[in-house]
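Undergrad: based on what follows, work out the 3D shape:
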Amino acid sequence: MATFVLVHGGGHGGWCYQKVARQLQAKGHVVYAPSLPGMGEHTHMIHAGIDLDAHIDDVAGLLFSEDLRDAILVGHSYGGMVITGVADRATDRVGHRVYLDAAYPQDGESLHEHAFASINPTRQAMYVEGGVELVMKPDPIYAGFFGIHDPVLAEWTNARLTPQPWKCFSQKLMLRNEAAMRAIPESHLICTETIPGRDMEKLKANSQGRVWDIDTGHDLMLTEPQWVADRLMEIAAA
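TA: Predicted coordinates for the structure are as follows:
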C-alpha cells in the first residue's frame, strides 16, 4: 500500500483528481488530493499573500500534520513547481516525485520563465480583483486549452476552474536542499505535444527511464484517469 499526494495545476483544485483517486483507493492506497490555498473550494479565500511559497508550505504542512512518510508526490502542470519545492523542504517525508505533464524547474526559476510561451500575463489576461493580481479568469475556452474535447467533461471542468494568483507563476523557486531533493526518485507521465521543447533524454536519464507518454490532452488525469492510475500504481509497485 502506498500513500499518494496529488497536487493540481493552475486554475484547478483537488477535484480534478477524483477519478484517479478512486482508482487508487479501490486498490487499497491512501490518497490525498488537497486544493491549494485560494484554489478549488478555497477560491473565496484568495488574498495577496498567496504565492508559490504559500502553496509549497501548505503541502509540506499536510505531510507533517498527517505524519506521512515515503509519500509519492504527484504534480500536474504548475503542480510540478509545488512538488519540487515540497520535496526540497520535506525531503525526509517524500519517497518519489511524479511529474504529470508538469513543470520540471531548476533552482531560481519561476513557472513564468520555465514556460514563457504559455505562462505570461498578457496571454492570460491579467486582471486585479480585491487587490490581487489574477490570471486564468474562468472562460469556456479553457477546457479546450487543457485538451478536453468531450462536451460533458468540458462543461464539468469549466464549471470548477478558478482564477490563479499571478504570484504563483512569477515567484522563483528557491531550493534549499537541492542535492537531497534530486536524489529522491522521479518519474514523468507526459503528453509530448502539450509542452514542446522538453529534453526527453535528460528526463529519461534523471528518472532511470521512468518516462511514459500518452496521446491525450494536458489534463490527462481527467481525459485518461485509468491510464494515469495504472502508471502511478506501477511506480508504487517498483
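Undergrad: in what helix or strand does Leu6 lie?
TA: Assigned by DSSP states H and E, Leu6 belongs to strand 3-7.
Undergrad: packing partners of whichever helix or strand comes after that strand?
TA: Using DSSP H and E, the next helix or strand after strand 3-7 towards the C-terminus is helix 18-26. Under the contact definition 3 or more CB pairs under 8 Å, 6 or more residues apart in numbering; DSSP states H and E, helix 18-26 sits against strand 3-7, strand 30-32, helix 220-223, helix 225-237. (Glycine included, C-beta is placed from N, CA and C.)
Undergrad: apply 10 Å and report the result again.
TA: strand 3-7, strand 30-32, strand 71-76, helix 220-223, helix 225-237 (3 or more CB pairs under 10 Å, 6 or more residues apart in numbering; DSSP states H and E).
Undergrad: can you lay out these as CSV showing distance to Gly209, mean pLDDT and mean neighbour count?
TA: As requested, those are exported to CSV (distance: least, CB to CB, whole Å; pLDDT from 0 to 100; neighbours: other CB atoms under 10 Å):
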stretch, distance to Gly209, mean pLDDT, mean neighbour count
strand 3-7, 21, 98, 26
strand 30-32, 26, 98, 17
strand 71-76, 18, 98, 28
helix 220-223, 20, 98, 25
helix 225-237, 12, 97, 18
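Undergrad: quick one: which of those is nearest Ala183?
TA: Evaluated over the helices and strands packed on helix 18-26, closeness to Ala183 peaks at strand 71-76, with 14.3 Å, by CB to CB.
Undergrad: specify the angle between the closest one and helix 18-26 in degrees.
TA: 160 degrees (axes from the mean of the first three to the mean of the last three CA atoms, to 10 degrees).
Undergrad: do a quick rundown of the strands in the chain.
TA: With DSSP state E as the criterion, the chain has strands at 3-7, 30-32, 71-76, 94-100, 127-129, 132-135, 164-165, 186-190, 211-213.
Undergrad: CSV please, covering those strands and showing distance to Leu222.
TA: Below are these laid out as CSV (distance: least, CB to CB, whole Å):
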stretch, distance to Leu222
strand 3-7, 12
strand 30-32, 16
strand 71-76, 10
strand 94-100, 11
strand 127-129, 26
strand 132-135, 21
strand 164-165, 17
strand 186-190, 13
strand 211-213, 17
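Undergrad: closest to Ile56 out of the helices and strands packed on helix 18-26?
TA: strand 3-7 (9.8 Å).
Undergrad: tell me the gap between that closest one and the middle of its chain.
TA: Centre-to-centre, strand 3-7 and its host chain are 10 Å apart (CA atoms, centre = their mean, to the nearest Å).
Undergrad: what's the angle from that strand to strand 94-100?
TA: 40 degrees.
Undergrad: looking at the strands of the chain, which is closest to Met200?
TA: Closest among the strands of the chain, using CB to CB: strand 211-213, at 7.0 Å.
Undergrad: strand partners (parallel or antiparallel) of that closest one?
TA: For strand 211-213, the paired strands and their directions (DSSP bridges) are strand 186-190 (parallel).
Undergrad: okay, the angle between the partner strand and helix 225-237?
TA: Calculated by the same axes, to 10 degrees, strand 186-190 forms an angle of 170 degrees with helix 225-237.
Undergrad: what's the closest residue to Arg93 other than its chain neighbours in contact with, if anything?
TA: Excluding its sequence neighbours, the residue lying closest to Arg93 (CB to CB, 6 or more residues apart in numbering) is Leu63, at 4.4 Å. By CB atoms under 10 Å, 6 or more residues apart in numbering, the residues touching Leu63 are 3, 5, 32, 69, 71, 73, 86-87, 89-90, 92-94.
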